[in-house]
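1. build me a model from this:
(chains A and B)
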Amino acid sequence: MVEFDVVELDATDHPAAGDQAPDFTRPLVDGELWTDMSLSTLLEDGPLVLLFHPMDGAFPATYAWNEIRERGWTDEIAVVGLSISTPYAHKRLIQEREVDARLFSDPGNGVAEKYDIVNDLDGMAGVSEPRPAAFVVDGDGTIQYAWIAEEWPSFPDYDAIEAAIDEL
Amino acid sequence: MSTTRSTATETTEPLVLYRLQACPFCERVVRRLHELDIDYESRFVEARHSERDAVKRACGKRTVPAISDPNTGVTMAESANIVEYLDGTYGEHA
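-> Numbering: from 1, shown residues only, chains lettered A, B, ... in the order given. The predicted structure follows:
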């Protein structure tokens, strides 16, 4: 692994395993259209993985969806993403990367505020997005596994998420 | 008549509106939905007709605005027709 400089992020009061996943409503985008949707409505269909990722076009977003596709998670469980990108950008990402998941669009970054995982972007004045984070949430809305980036950049532990999915 | 209608509106499911952001014909329908206080759910599509299969599946054509009314089973396109339908179904004289 190449060594590279990372920035440590301050500790926050984000939701953890055992907590209820804070509910929110945002436009949810699929390959064709978008419509306002709440997390609680999605949970009516069962457990899911909620993945907060950097804005569409940044390589970690591309990596994440490639990894998830190759691991075949969406055959097992609903996976929903969230970034600050617009619904238009989400549609492009879904189509270009053959993402088999739906993506919440949150340009105002309010969901990250609610989850206390705001990441102010250095060198992009006025722009903040969620810290990379992944939550495995059961059908009751309880978080069974949580990973929140403690440094920037950093990447989810896909094996750990997969183990949490298997344990549901 | 009005009694029947108020009973119907109490159990009304939201209409589904297929729309394009900033499209004036769609805004015309939105305005009427607000004026008539009709609950609705927006589904946004994009400008290219080739990207609008979802609208075609739901409403038969790829044009927007289009609505699907789960209360009556009606689906229709074209803002003038939609406004007329809304007035006739949910308006004062319905």
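
2. got a list of contacts for the longest helix seen in chain A?
-> When chain A is parsed with DSSP state H, its longest helix is helix A:59-71. Outside helix A:59-71, the residues that touch it by C-beta atoms under 8 Å, 6 or more residues apart in numbering or on different chains are A:51, A:53-55, A:74, A:79, A:81, A:83, A:93, A:97-101, A:132, A:153, A:155-156, A:158, A:162. (C-beta placed from N, C-alpha, C; glycine too.)

3. next step: those restricted to helices.
-> Counting by DSSP H, the part of the contacts of helix A:59-71 found in helices is A:93, A:158, A:162.

4. from memory the last one sits against residue A:73, does it?
-> Yes - Residue A:162 sits in contact with residue A:73 when judged by C-beta atoms under 8 Å, with a separation of 7.3 Å.

5. around the residue in chain B positioned nearest to chain A, how many other residues sit close by?
-> Chain B approaches chain A most closely through residue B:54 (4.2 Å), counting by C-beta to the nearest C-beta. Residue B:54 is flanked by 16 other residues according to other C-beta atoms under 10 Å in any protein chain shown.

6. any idea which element it lies in?
-> Assigned by DSSP states H and E, residue B:54 belongs to helix B:53-59.

7. and the closest residue in space to residue A:8 that isn't next to it in sequence, what does it touch?
-> Distance criterion C-beta to C-beta, 6 or more residues apart in numbering or on different chains; nearest residue to residue A:8, sequence neighbours excluded, is residue A:151 at 5.1 Å. Applying C-beta under 8 Å, 6+ apart, we find residue A:151 in contact with A:6-9.

8. just residue A:85 next, same as before
-> Residue A:85 touches A:55-57, A:93, A:103, A:105, A:107, counting by C-beta under 8 Å, 6+ apart.

9. highest neighbour count among these?
-> Neighbour counts for the contacts of residue A:85 peak at residue A:103, which has 29 neighbours (criterion: other C-beta under 10 Å).

10. what are the bridge partners for that one, then?
-> residue A:29, residue A:81 (DSSP bridges).

11. relative to residue A:28, how far out is it?
-> Separation of residue A:103 from residue A:28 (C-beta to C-beta, to the nearest Å): 7 Å.

12. quickly list what's touching both of these two.
-> residue A:80.

13. residue ranges for the helices of chain B, please.
-> All helices of chain B, identified by DSSP H, fall at B:2-10, B:24-35, B:53-59, B:79-90.
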